[in-house]
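Chemist: Here you go, sequence then predicted model.
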Amino acid sequence: MDELTRLDEDWERALCIVAHPDDMEFGAAAAVARWTGQGKSVAYCMATSGEAGIDGMDPDECRGVREAEQVASARLVGVETVEFLGLPDGVLEYGVPLRRTLTAVVRRHRPDIVITGNFRDTWGGQNLNQADHIAIGRGVLDAVRDAGNRWVFRDQVEQDGLEPWGGVRAVWAFGSPDGRHAVDITDTFDVGVASLEAHRAYIGGLGWTDFDPREFLEGFTRPPGSRLGVTYAAPFEVFPMGWGG
């Protein structure tokens with residue numbers, strides 16, 4: 001396979017917008033640990049609280065459990081800001097209301113880079129992606145463009161005091177089967193494993209009795225690592241933003 005291109009790390013602020021607690025840990029947490037270790041600012045925004053994710057736990061109880069696990073997991077990789085938008089887990093819909101919500105998030109945080117998860121139909125084979133992931137990823141791309149246009153969701157600017165923000169250089173989607181870029185996570189791989197292990201209740205609730213976070217992440221990161229010339233790497237699909245983007 002072709003070699004991967006190294007991600008541009010000449011930036012200061014990143015905002016990660018994903019559908020659920022645990023999404024970052026299944027693909028990008030070790031990369032986040034690398035960047036916070038470089039002194040970069042990284043914030044997390046979870047569209048839902050993953051409250052529909054554990055079959056044996058009522059959503060009202062599950063919400064608190066999964067939020068707590070996500071906050072603890074984020075702390076392990078150096079992320080202090082973790083927001084939960086409270087949107088309904090499992091039934092997110094792509095459209096104007098979602099774009100509006102995500103646009104406000106981008107305008108508040110004013111990041112250089114926005115990170116989201118894979119929103120392609122599959123993971124690169126027969127395994128179908130989950131609907132929430134697809135809705136959020138598509139919504140993120142639109143929201144990044146919307147955020148820079150003061151005439152889109154203008155009430156946020158005129159009534160809520162949110163200034164337009166057109167400073168996002170690119171959106172990066174981790175786990176995409178079309179990823180052509182990657183970052184070396186060899187030195188932060190172990191903390192990435194620990195961050196996934198922090199989602200104990202969720203993983204246990206799935207009934208994955210034989211699931212090994214280290215083995216899973218090794219399988220996910222060794223092949224791109226080989227293509228990047230390192231031991232472990234996190235792959236991303238890059239969507240450049242800016243004028244006309």
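Modeler: Sure, I can see it. Residues are numbered from 1 along each chain as shown.

Chemist: Let me see the ranges of the helices in the protein.
Modeler: Along the chain, counting by DSSP state H, helices occupy 29-37, 59-76, 96-109, 131-147, 154-158, 189-197, 200-205, 213-228.

Chemist: what's the closest non-adjacent residue to the residue nearest the centre of the chain?
Modeler: Residue closest to the mean C-alpha point of the chain, counted by C-alpha atoms, centre = their mean, is Thr116 at 3.7 Å. In space, and not counting its chain neighbours, Thr116 is closest to Val140: 4.5 Å by C-beta to C-beta, 6 or more residues apart in numbering. (Each C-beta comes from the backbone N, C-alpha and C, glycine too.)

Chemist: So that neighbour sits against Leu102, correct?
Modeler: Yes. Under the criterion of C-beta atoms under 8 Å, Val140 makes contact with Leu102 at 6.0 Å.

Chemist: the more surrounded of those two?
Modeler: More crowded of Val140 and Leu102, by other C-beta atoms under 10 Å: Val140, with 30 against 26.

Chemist: now that one: how far from Gly219?
Modeler: Separation of Val140 from Gly219 (C-beta to C-beta, to the nearest Å) stands at 26 Å.

Chemist: picking that back up, measure the residue nearest to Thr116 to Val79 for me?
Modeler: Applying C-beta to C-beta to Val140 and Val79 gives a distance of 18 Å.

Chemist: Same question for Ser226.
Modeler: Counting by C-beta to C-beta, the gap from Ser226 to Val79 is 28 Å.

Chemist: Over to Asp142?
Modeler: 25 Å.

Chemist: do Arg6 as well
Modeler: Arg6 sits 22 Å away from Val79, going by C-beta to C-beta.

Chemist: which of the two has more neighbours?
Modeler: In terms of neighbours (other C-beta under 10 Å), Val79 is the more surrounded of Arg6 and Val79; the figures are 24 against 14.
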